[in-house]
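Chemist: Here is a sequence with its predicted model. Questions after.
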Amino acid sequence: DDLDVTTFTQRFADLAKDASEPLYAAGLNDSEIRIVYHLDMRYHGQGHEIEVTLPHGADISALAGLFRAEYEAIHGAALLEAPLVITTWKVEVSAAPPEFITPSPTGGIEVAAKGRRRAYFKGGYLDTPIYDRYSLGVDAVISGPALIEERESTAVIGPDDIVQMDKFGNLIAEISEIVEIGGAS
């Protein structure tokens, strides 16, 4: 009874702003973000709360009716005269998952070839082809030695190793020899 429209609206606005910040930081805009408001509510004197989801655009005037409808759906009846208590304010912020970009169904190693350089492997330096990972197609097969470059890292393929791009863009390597590092056995 002591909750006013301004406090109600401001509390949800503050929570939504805080919860949305990571999505805005990731480059999303308002049209890509979905916000749902929930309240845990109960009758005064009861110890068990019921979660009430507020429909988009609902305001404080709808609260009592939404709570009583939810209470009646769960318990079969609603106490119409008891005061209501909000115990928890919740904001659920979500966005569609990012689009998964799969590799092109075509794009053999000749398309992805971008040069050569000398690279050190066990036994010495070898003239090594370099490939652009983003240009490799599904089922592209590369025999080592090779360097497969992308923005985040470079896959180093040994002289007798073979790597294949699967349908999800994973590089599946067949390693010919396990090289121990640091003399451990």
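Modeler: Yep, it's here.
Chemist: ok, which stretches of this structure are helices?
Modeler: Remark: helices assigned in the chain by DSSP state H are 5-25, 63-75, 109-112.
Chemist: Who are the contact partners of the residue of the chain most remote from its centre?
Modeler: Farthest-out residue of the chain from its mean C-alpha position, per CA atoms, centre = their mean: residue 81, at 44.6 Å. Applying CB atoms under 8 Å, 6 or more residues apart in numbering to residue 81 gives no contacts. In this view, the C-beta of every residue, glycine as well, is placed from N, C-alpha and C.
Chemist: still on that earlier bit, and residue 90, which of the helices of the chain is closest to it?
Modeler: helix 5-25 (7.9 Å; CB to CB).
Chemist: What residues of that closest one count as buried?
Modeler: Applying a neighbour-count criterion of 16 or more other CB atoms under 10 Å, one finds 8, 12, 15-16, 19-20, 23 buried in helix 5-25.
Chemist: and the residue most central in space within the chain, how far is that from residue 108?
Modeler: Of all residues in the chain, the one closest to the mean position by CA atoms, centre = their mean is residue 97, 5.9 Å from it. Distance, residue 97 to residue 108, using CB to CB, to the nearest Å: 30 Å.
Chemist: residue ranges with poor pLDDT in the protein?
Modeler: Residues of the chain meeting the criterion pLDDT under 70: 80, 100-107, 178-185.
Chemist: mind listing the strands in it by residue range?
Modeler: 33-43, 50-54, 84-95, 113-121, 124-132, 141-143, 146-149, 154-157, 162-165, 171-174 (DSSP state E).
Chemist: rewinding a little: put together a markdown table for the helices of the chain, with distance to residue 157 on each row.
Modeler: Listed next are the helices of the chain as a markdown table, based on distance: least, CB to CB, whole Å:
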| stretch | distance to residue 157 |
| --- | --- |
| helix 5-25 | 36 |
| helix 63-75 | 59 |
| helix 109-112 | 11 |
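Chemist: Quick one, which of these gets closest to residue 87.
Modeler: helix 63-75 (11.8 Å).
Chemist: Could you count how many residues lie near residue 58?
Modeler: Residue 58 has 14 neighbours, counted by other CB atoms under 10 Å.
Chemist: what sits against residue 3?
Modeler: Residue 3 makes contact with 60, 86 under the criterion CB under 8 Å, 6+ apart.
Chemist: The same query, at a cut-off of 7 Å, please.
Modeler: The contact partners of residue 3, by CB atoms under 7 Å, 6 or more residues apart in numbering, come to residue 60.
Chemist: No further questions, thank you.
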